[in-house]
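1. One predicted model, sequence on top.
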Amino acid sequence: MVAALATLPTYKDLPGPPGPPWVGNLFQIRFDAFHSTLENWADEYGPLYRFRVGPRKIAVISDADTIKRMHRERPDMFRRTRSVASATEEMRLKGLFSSEGDDWRRQRKLVAMALNTAHLKPFFPKLQTITERLMRRWETAADAETPVDLCRDLMRFTVDVTTQLAFGIDFNTLETDGPVIQQNLDKVFPMLNWRVNAPFAYWRYLRFPKDRELDRALAQVQQQVDEIIADVRKRMLSDRSLYDAPTNFLEAIIAAKESEGIEFSDADIFGNVCTLLLAGEDTTANTVAWTVNYFMQYPDYFARARAEVDAVIAPSAVPTEIEQAAQFPILEAIYNEAMRLKPVAPLNAMEPLQDVELLGHIIPAGTVVMMLNRRIAMQEENFGHAQEFDPERWLVSDSERKCPHDVSTFLPFGTGPRFCPGRNLALLQMRTVLAMICRNFDIDLVEPERAVTEKLAFTMMPTNLIVRMRKRSA
Ligand code: HEM
């Protein structure tokens, strides 16, 4: 095997965009459009190419089988990039997402357990309450004709849901005026994106205004999260049965020392609380926001989704039973198409733990390999008329289908052992909140002349999605 590998071309033989010696391709990249730059280069240089950001050598792959294989072969053959681990560690945010090996295994078990479907059914009434709060917030905006920043309001919704399900705390940022935790979290994701990809860690020596702003945001997050943890510890001390039968993730991680003999440090607990807040916030909110943008662009589909929702939940304004949320095939087809064309995680990055063969080339251990997950779901051989928004593709039966539809290349939640443990929670939130929108509101862009564009800030979010919510016309 080693001899066979030795005869293959290596990273150095890969094609890629030229760049000057010291900086490489640094100045050809806008980090808030990193994904599009890499996708455009893939058009030019093929399914495996290389580029450089300062001294850092990066390979980029957009071959579906190789991408799926890399996702599957974790955590033993591939890890998340070391820059994710060091950036999150420095920001005191190290948790499941940025852990590896046994450390990852013990955290994964707890997180997966806390977010599994068995917990979603008893949680549904609380999700309904939070959805009704969002509806009332938008009814107030509609009455006052106040523009709504869709992503921001949806982030209030997703943080309220995550804190309620995972920590048993009713944050209710939807009905809070003034500063809320989301405003601090907002500053964390773009800086994480920047630091993970930065050519060198300048902030260890020199702090610019945006680094100081991050420090302030992190200090406030620390204070807010410490308060959550202290509340839960107090609750557990007054009810010792919660150590034997924890009811949510935070209780489970605090109780793990007694129940399973696994000790999580205060830093582990803090890091994982922040991980769940961050991982659950932008992702779900931005996915809903992209879907609403398609509602506005394709009114015929919006009308069909609306008729479907009416038929299932009327006269209620929001879904009232978890089973209803599973009865919206048209809505599901629309948000699947939104996640195929506008996935909030259009790329994923890993490092091989030993030299590996990728598409006939030897890639040395430790090389950053970026996987273009969106691109593979936008290739003709995987999805017919791949560039078009066509929810119908998700509705036709396999026997009627006339063009490729390879769902194994549709990876909005990743795949393999590290695939998103929040997937079911995210889908339930999406169905519930989108059904509430369909049933209650008409939506328009406040400034239709300003294009809604993609911006990468760790997740890919829509810009300029400021809308006017109007109570649904008869
Ligand atoms: C539409 C919403 C969401 C999308 C599109 C999404 C997508 C993803 C993706 C692409 C990954 C990386 C998977 C991989 O490496 O194979 C991931 C990981 C993760 N997600 Fe999500 N996610 C969403 C919602 C959530 C929610 C609601 C939570 C929890 C509250 C969550 C928690 C996590 C965690 C903890 C990880 C790290 C898993 C690990 O490394 O083992 N996500 N997610």
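-> Good, I have the coordinates.
2. alpha carbons only for contacts and neighbour counts from here, please
-> Fine.
3. The stretch 251-400 of the chain: helices as residue ranges?
-> Shown for the stretch 251-400 of the chain, the helices assigned by DSSP state H, counting those that start in this stretch span residues 266-297, 299-313, 329-341, 373-376.
4. tell me which residues in the second one are buried?
-> For helix 299-313, burial by neighbour count (16 or more other Cα atoms under 10 Å) applies to 301, 302, 305, 306, 308, 309, 310, 312, 313.
5. Please report how far the closest residue to residue 226 other than its chain neighbours lies from the ligand.
-> Residue nearest to residue 226 in three dimensions, not counting chain neighbours: residue 270, with 7.4 Å by Cα to Cα, 6 or more residues apart in numbering. When Cα to the nearest ligand atom, to the nearest Å is applied, the distance between residue 270 and the ligand equals 13 Å.
6. Any regions of the protein where pLDDT drops low?
-> Low-confidence segments of the chain (pLDDT under 70): 1-5, 178-179, 257-261, 474.
7. And residue 151, how far from residue 279?
-> 15 Å (Cα to Cα, to the nearest Å).
8. Of those two, which one has the most company?
-> With neighbours defined as other Cα atoms under 10 Å, residue 151 and residue 279 compare such that residue 151 has more, 23 against 19.
9. Are we agreed that the more buried one is in a helix?
-> Yes - according to DSSP: H, G, I helix; E, B strand; the rest coil, residue 151 belongs to a helix.
10. which residues does it contact?
-> 285, 286, 289, 462, 465 (Cα atoms under 8 Å, 6 or more residues apart in numbering).
11. tell me what whatever helix or strand residue 190 lives in is packed against?
-> If you go by DSSP states H and E, residue 190 is part of helix 181-197. Helices and strands touching helix 181-197, by 3 or more Cα pairs under 8 Å, 6 or more residues apart in numbering; DSSP states H and E, are helix 82-90, helix 150-167, helix 209-238, strand 454-457.
12. Determine which stretch of these is the most buried.
-> helix 150-167 (a mean of 24; mean count of other Cα atoms under 10 Å).
13. Could you export the helices of the stretch 251-400 of the chain to TSV, including columns for distance to residue 405?
-> Output for the helices of the stretch 251-400 of the chain, formatted as TSV (distance: least, Cα to Cα, whole Å):
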stretch	distance to residue 405
helix 266-297	20
helix 299-313	20
helix 329-341	12
helix 373-376	12
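14. of all the residues in the stretch 351-474 of the chain, which ones are close to the ligand?
-> Within the stretch 351-474 of the chain, the positions near the ligand by Cα under 6 Å from any ligand atom are 412, 413, 414, 415, 418, 419, 420, 421, 422, 423, 425, 426.
15. same check, this time on the chain
-> Within the chain, the positions near the ligand by Cα under 6 Å from any ligand atom are 71, 96-97, 108, 162, 276, 279-280, 283-284, 287, 344-345, 412-415, 418-423, 425-426.
16. Strands of the stretch 351-474 of the chain, residue ranges please.
-> 356-358, 361-363, 368-371, 441-445, 454-457, 459-462, 466-471 (DSSP state E, counting those that start in this stretch).
17. helices and strands around the second one, which ones?
-> Translated: strand 361-363. Checking 3+ Cα pairs under 8 Å, 6+ apart, strand 361-363 ends up next to strand 356-358.
18. Partner strands of the strand it packs on and their direction?
-> Sheet partners assigned to strand 356-358 using DSSP bridges are listed as strand 361-363 (antiparallel).
19. okay, now the domains of the chain?
-> 1-82+347-372, 92-288+416-474 (automatic domain parsing).
20. How about the contacts made by residue 170?
-> 160, 163, 164.
21. Between those residues, which sits nearest residue 336?
-> Residue 336 lies nearest to residue 160 out of the contacts of residue 170, by Cα to Cα, at 24.0 Å.
22. OK, contacts around the closest one?
-> 130, 170, 171, 172, 173, 174.
23. What of residue 253?
-> By Cα under 8 Å, 6+ apart, the neighbours of residue 253 are 110, 264, 269.
24. same thing but at 6 Å, please
-> By Cα atoms under 6 Å, 6 or more residues apart in numbering, the contact set of residue 253 is empty.
25. Ok, residue 442 next?
-> Contacts of residue 442 by Cα under 6 Å, 6+ apart are 469, 470, 472.
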